[in-house]
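>>> Give me a 3D structure for the following:
(chains A and B)
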Number of protein chains: 2
Amino acid sequence: MKTLSLESGETSHEAHPENSTINGVAILEFTLRFLAAGGTLASAMAMGTAEEVVPLLSQSIILNVKFSDLPMFTFFVIANSVACAYLVLSLPLSFYHVIKRADKNSRLVLVTLDTAMLALVTAGASAAASIVYLAHEGNSNANWSPICQQLDSFCESTSGSLIGSFVSAFVLMLITISSAISISRS
Amino acid sequence: MKTLSLESGETSHEAHPENSTINGVAILEFTLRFLAAGGTLASAMAMGTAEEVVPLLSQSIILNVKFSDLPMFTFFVIANSVACAYLVLSLPLSFYHVIKRADKNSRLVLVTLDTAMLALVTAGASAAASIVYLAHEGNSNANWSPICQQLDSFCESTSGSLIGSFVSAFVLMLITISSAISISRS
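A predicted model of the protein is given here:
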């Protein structure tokens, strides 16, 4: 009698509607990691390859403008590269969570690192965004003139690279939240 | 016999070492919220009151420099004010978690909002930090000259206000992680 009730208890546990959604959340998280990894990679590459050669006064003197001329853009490339590397390395562990549901400790490790990466990507994107804004608009109070008239394609590449990074930061937020949901249901 | 075993089972559940640490984590989280609220408030106030009157050429023309002259500093003040208001409003719910342990849904709501606030505070601090860096160092490639020689006290206040914001962002990371730990143990 006791064995029977124990067995039926276990069966109902596995078929529980809450448990069946765990895997759904884990699969969503796994997919979001791919998206975030792609976004950070695209951002790092778009910013890293942003370059423009500007002729100064005459065609004899040329100015080569690269992302590394501005420290915030260098930080942006480093932050996105680190986040991309982490996201790729976290894929196996995330896949393990799709298969094995109730491993709370390894989920906690991922949540901790995800939160740190969210802060890193947001910081990089935000620092670069303020420089891109200054490059476009300038600031008359600080006497900083806009540089995008001369550096048209450089400004376009750097502005475009922000999109991938902000999308990745948003996706990392979703990953952190879905991890918390997974933990609460496992 | 059955009733007895059930009772003993419940008693051992309450005295379980993992459960006794839940409250510890919840109290830590509650304390961290105070710290983060104080940090964001101090940052918003330090930046919001940063002002300097600079005499131009002769003493007859004066220039009044405020935080609102730079849009990133305005964003910084807004981000820190919003985060401070949220943190103060979240204190009652956080206190409720200290008393009532196993409420996962309200914890998930807090984790979601904490993650969003972490991103907001990090973005504000990072955007302001890149402007403070430019104000101190300038950038010769973009032909942006440093403005801190003329605006000494303004630069000091804005640089100082970054500290509270970055500390708050770090504390918000700890809050998110400790929430996840609370969820995993409840």
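>>> burial count for residue A:51?
14 (other C-beta atoms under 10 Å in any protein chain shown). From N, CA and C alone the C-beta is placed, and that goes for glycine too.
>>> Need the pLDDT of the nearest residue to it once chain neighbours are set aside.
Among residues not flanking residue A:51 along the chain, residue A:66 sits closest, at 5.1 Å (C-beta to C-beta, 6 or more residues apart in numbering or on different chains). Note for residue A:66: predicted pLDDT of 85.
>>> From what I see, residue A:66 and residue A:47 are in contact.
No. Residue A:66 is beyond contact range of residue A:47, at 10.0 Å (criterion: C-beta atoms under 8 Å).
>>> And the two? Which one has more around it.
Shown here are residue A:66 and residue A:47; by other C-beta under 10 Å, residue A:47 has more neighbours (24 against 15).
>>> so what secondary structure elements neighbour the helix or strand hosting that one?
Assigned by DSSP states H and E, residue A:47 belongs to helix A:17-48. Helix A:17-48 sits against helix A:71-99, helix A:104-137, helix A:152-185, with contacts defined as 3 or more C-beta pairs under 8 Å, 6 or more residues apart in numbering or on different chains; DSSP states H and E.
>>> so can I have a markdown table of those helices showing mean neighbour count?
Listed next are those as a markdown table, based on neighbours: other C-beta atoms under 10 Å in any protein chain shown:
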| stretch | mean neighbour count |
| --- | --- |
| helix A:71-99 | 19 |
| helix A:104-137 | 23 |
| helix A:152-185 | 22 |
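>>> Can I get the ones you listed in a markdown table including mean pLDDT and distance to residue B:89?
Shown next, in a markdown table, are the helices and strands packed on helix A:17-48 (pLDDT from 0 to 100; distance: least, C-beta to C-beta, whole Å):
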| stretch | mean pLDDT | distance to residue B:89 |
| --- | --- | --- |
| helix A:71-99 | 93 | 31 |
| helix A:104-137 | 92 | 21 |
| helix A:152-185 | 91 | 19 |
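>>> who's in contact with the closest residue to residue A:160 other than its chain neighbours?
In space, and not counting its chain neighbours, residue A:160 is closest to residue A:46: 5.8 Å by C-beta to C-beta, 6+ apart. By C-beta atoms under 8 Å, 6 or more residues apart in numbering or on different chains, the residues touching residue A:46 are A:157, A:158, A:160, A:161, A:164.
>>> residues in contact with the first one?
When contacts are counted by C-beta under 8 Å, 6+ apart, residue A:157 is found next to A:46, A:47, A:49, A:50.
>>> Out of those residues, which is nearest to residue A:136?
Taking C-beta to C-beta as the measure, residue A:136 lies nearest residue A:50 of the contacts of residue A:157, at 14.4 Å.
>>> how far away is the residue nearest to residue A:160 from residue A:120?
Distance, residue A:46 to residue A:120, using C-beta to C-beta, to the nearest Å: 18 Å.
>>> Check chain A and tell me which residue is nearest its centre.
Geometric centre of chain A, nearest residue: residue A:168, 3.3 Å, by C-alpha atoms, centre = their mean.
>>> Was I right to think that residue contacts residue A:40?
Yes. Counting by C-beta under 8 Å, residue A:168 does reach residue A:40; the two are 4.7 Å apart.
>>> Residue A:94: what's its closest spatial neighbour, skipping adjacent residues?
Among residues not flanking residue A:94 along the chain, residue A:30 sits closest, at 4.7 Å (C-beta to C-beta, 6+ apart).
>>> what's the distance between the one you found and chain B?
18 Å (C-beta to the nearest C-beta, to the nearest Å).
>>> what helix or strand is residue A:64 on?
For residue A:64, the host element (DSSP H and E) is strand A:61-66.
>>> Check the offset of that strand from the chain's centre.
31 Å (C-alpha atoms, centre = their mean, to the nearest Å).
>>> circling back to that earlier point, turn the helices and strands packed on helix A:17-48 into a markdown table, including distance to residue B:116.
Shown next, in a markdown table, are those (distance: least, C-beta to C-beta, whole Å):
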| stretch | distance to residue B:116 |
| --- | --- |
| helix A:71-99 | 18 |
| helix A:104-137 | 10 |
| helix A:152-185 | 7 |
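>>> Residue B:150 is nearest to which of these?
Nearest of the helices and strands packed on helix A:17-48 (C-beta to C-beta): helix A:104-137, 18.5 Å.
>>> quick one on the thing from earlier: contacts for the strand holding residue A:64, please.
Residues outside strand A:61-66 that contact it (C-beta under 8 Å, 6+ apart): A:50, A:51, A:52, A:53, A:54, A:55, A:56, A:151, A:154, B:141.
>>> could I get those residues as JSON lines with distance to residue A:101 and secondary structure?
Below are the contacts of strand A:61-66 laid out as JSON lines (distance: C-beta to C-beta, whole Å; DSSP: H, G, I helix; E, B strand; the rest coil):
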{"residue": "A:50", "distance to residue A:101": "44", "secondary structure": "coil"}
{"residue": "A:51", "distance to residue A:101": "48", "secondary structure": "strand"}
{"residue": "A:52", "distance to residue A:101": "51", "secondary structure": "strand"}
{"residue": "A:53", "distance to residue A:101": "55", "secondary structure": "strand"}
{"residue": "A:54", "distance to residue A:101": "57", "secondary structure": "strand"}
{"residue": "A:55", "distance to residue A:101": "62", "secondary structure": "strand"}
{"residue": "A:56", "distance to residue A:101": "62", "secondary structure": "strand"}
{"residue": "A:151", "distance to residue A:101": "52", "secondary structure": "coil"}
{"residue": "A:154", "distance to residue A:101": "48", "secondary structure": "helix"}
{"residue": "B:141", "distance to residue A:101": "53", "secondary structure": "coil"}
